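**Student:** Sequence and predicted structure are below.
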Amino acid sequence: MRAALTDAGTAVPDVDGLLASGIDGPSVADLFGFELRWRTGITDRREVGAAVVQAVDAVASGRVRAVVCVDVLPAPEPEPAADRFGRSGSASGWASWHAPYGAVDETVDVALQARAYIERFGLTRAELARVALVAAANAGRALSLREYLSAPMLADPLCVHDHAATAGGAAAVVLERAGSRPVEVVGVGAAYAVSPLPEQSPEPVSERAAAQLLPVLAGSSPGILLIGDEYSFHVVTWLEALHLCGAGAAAGVLASADTISRGGAFPVNPHGGHLGLGRRPDLDLAVEAVLQMRGDAGASQLAGPPDSSVVALGGSLSAGCLLLRRAG
């Protein structure tokens, strides 16, 4: 986080807002000596995207001068052997609707959404595989379609390559009022599911979040997409939510190897994203967007720094998206 403040040229006394995910907010404020007027903490990592939109609103409204958004995801710990075969016990509340069927993991929710989409629109696993294949290539890893199709399944139709293994890490972003900064936030959108049970939502929550961003996009295509791809199917839903293709038309987009690759019409996660590099903090994608637009992304840098980018985070229960543009 010190590096983020230094990079932004923001002094500690100017920070009066804090968004903390995966870390104790009061401890962070105490460590840095922040005198806060606005603070929020996220206990569910899936809500980071929507929470960042709230932070943008706090700055844009003039309530605060600068907000530091910090996102920490611990490295995975070995799971106890007994837990690999399920846990015993009781479930209450909303969890009781899924627990009897062993559907207590988000993987099951996403798999059900993906299966329903396949049955309705005819997306094939070979087409869905394109997301994982491009992510691996962008991260410098070799993954063939044969390897993908023969990989162990997690929950039909998702295989092990459709879900990012947790890598852990930390990322921080500084939000300030518009000024001489090289990258500006020019549009945002956020939404929450109407029910804690994803299957009861009438539409993907990403659609309602993206709908708030579409008027600012005004039919133009962003230069780059940084999509929270913990699951490959999230890329499908965001492509359609952002109107980069019609409803049910993502298969045509993914069928072409060049459309979402680095040299494609709208590159997706040119550094590899979560699927390519492992599950990291969602704000890592916002950092990559800024680096790309400044021309500082190193080996993953696109041929020319993009003028705009969309950062789209979340999927099953909440979603948030930001449209970034280079200033000047």
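**Tutor:** Sure, I can see it. Numbering: from 1, shown residues only.
**Student:** can we go C-alpha only for contacts and neighbour counts from here?
**Tutor:** Fine.
**Student:** Pick out the residue nearest the middle of this protein.
**Tutor:** Nearest residue to the geometric centre of the chain (Cα atoms, centre = their mean): residue 228, 2.4 Å.
**Student:** May I ask which helix or strand encompasses the nearest residue to that residue once chain neighbours are set aside?
**Tutor:** Spatially, and ignoring its direct neighbours in sequence, residue 228 is nearest to residue 313 (4.8 Å; Cα to Cα, 6 or more residues apart in numbering). Using DSSP states H and E, residue 313 maps to strand 308-314.
**Student:** helices or strands up against that strand?
**Tutor:** Counting contacts by 3 or more Cα pairs under 8 Å, 6 or more residues apart in numbering; DSSP states H and E, strand 308-314 packs against helix 48-60, strand 225-227, helix 283-294, strand 318-326.
**Student:** which stretch among those comes nearest residue 263?
**Tutor:** Nearest to residue 263, of all those, is strand 225-227, at 12.4 Å by Cα to Cα.
**Student:** Beyond the closest one, next helix or strand please.
**Tutor:** Heading C-terminal from strand 225-227 (DSSP H and E), you reach helix 232-241.
**Student:** coming back round to it: which residues does the strand holding residue 313 contact?
**Tutor:** Strand 308-314 is contacted by residues 46-50, 206, 222-228, 234, 238, 282, 285-286, 289, 293, 319-326 when judged by Cα atoms under 8 Å, 6 or more residues apart in numbering.
**Student:** So for it, what gets flagged as buried?
**Tutor:** Neighbour counts over strand 308-314 (16 or more other Cα atoms under 10 Å) mark 308, 309, 310, 311, 312, 313, 314 as buried.
**Student:** quick one: pLDDT of the second one?
**Tutor:** If I follow you right, that is residue 309. For residue 309, the model assigns a pLDDT of 96.
**Student:** Distance of the residue lying closest to it once chain neighbours are set aside relative to residue 287?
**Tutor:** With sequence-adjacent residues excluded and distances taken as Cα to Cα, 6+ apart, residue 309 is closest to residue 224, at 4.7 Å. As judged by Cα to Cα, to the nearest Å, residue 224 and residue 287 stand 13 Å apart.
**Student:** Can you list the residue ranges for strands in the stretch 51-200 of the chain?
**Tutor:** Along the stretch 51-200 of the chain, the segments classed as strands by DSSP state E, counting those that start in this stretch run 66-73, 153-155, 158-159, 169-176, 183-192.
**Student:** Using TSV, lay out the buried residues of strand 308-314 together with distance to residue 120.
**Tutor:** As requested, the buried residues of strand 308-314 are exported to TSV (distance: Cα to Cα, whole Å):
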residue	distance to residue 120
308	33
309	30
310	27
311	27
312	24
313	24
314	23
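**Student:** biggest separation within those, which pair?
**Tutor:** Among the buried residues of strand 308-314, 308 and 314 lie farthest apart (Cα to Cα), at 20.2 Å.
**Student:** Just confirm residue 117 contacts residue 128, I think it does.
**Tutor:** No: in this structure residue 117 lies outside contact range of residue 128 using Cα atoms under 8 Å: 11.2 Å.
**Student:** Between the two, which has more neighbouring residues?
**Tutor:** Set residue 117 next to residue 128 and count neighbours by other Cα atoms under 10 Å: residue 128 wins out with 23 against 16.
**Student:** Now for the more buried one: which residues touch it?
**Tutor:** Applying Cα under 8 Å, 6+ apart to residue 128 gives the contacts 232, 233, 251, 254.
**Student:** Make JSON lines out of these and add pLDDT and distance to residue 124.
**Tutor:** Formatted as JSON lines, the contacts of residue 128 follow (pLDDT from 0 to 100; distance: Cα to Cα, whole Å):
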{"residue": "232", "pLDDT": "97", "distance to residue 124": "13"}
{"residue": "233", "pLDDT": "96", "distance to residue 124": "12"}
{"residue": "251", "pLDDT": "87", "distance to residue 124": "8"}
{"residue": "254", "pLDDT": "86", "distance to residue 124": "10"}
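**Student:** Buried ones among those?
**Tutor:** Neighbour-count burial (16+ other Cα under 10 Å) applied to these gives 232, 233, 251, 254.
**Student:** would you list the helices and strands packed on strand 308-314 in a markdown table and tack on distance to residue 135?
**Tutor:** Listed next are those as a markdown table, based on distance: least, Cα to Cα, whole Å:
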| stretch | distance to residue 135 |
| --- | --- |
| helix 48-60 | 21 |
| strand 225-227 | 11 |
| helix 283-294 | 13 |
| strand 318-326 | 20 |
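**Student:** Switch the ones you listed over to TSV; also include mean pLDDT.
**Tutor:** Output for the helices and strands packed on strand 308-314, formatted as TSV (pLDDT from 0 to 100):
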stretch	mean pLDDT
helix 48-60	96
strand 225-227	97
helix 283-294	96
strand 318-326	95
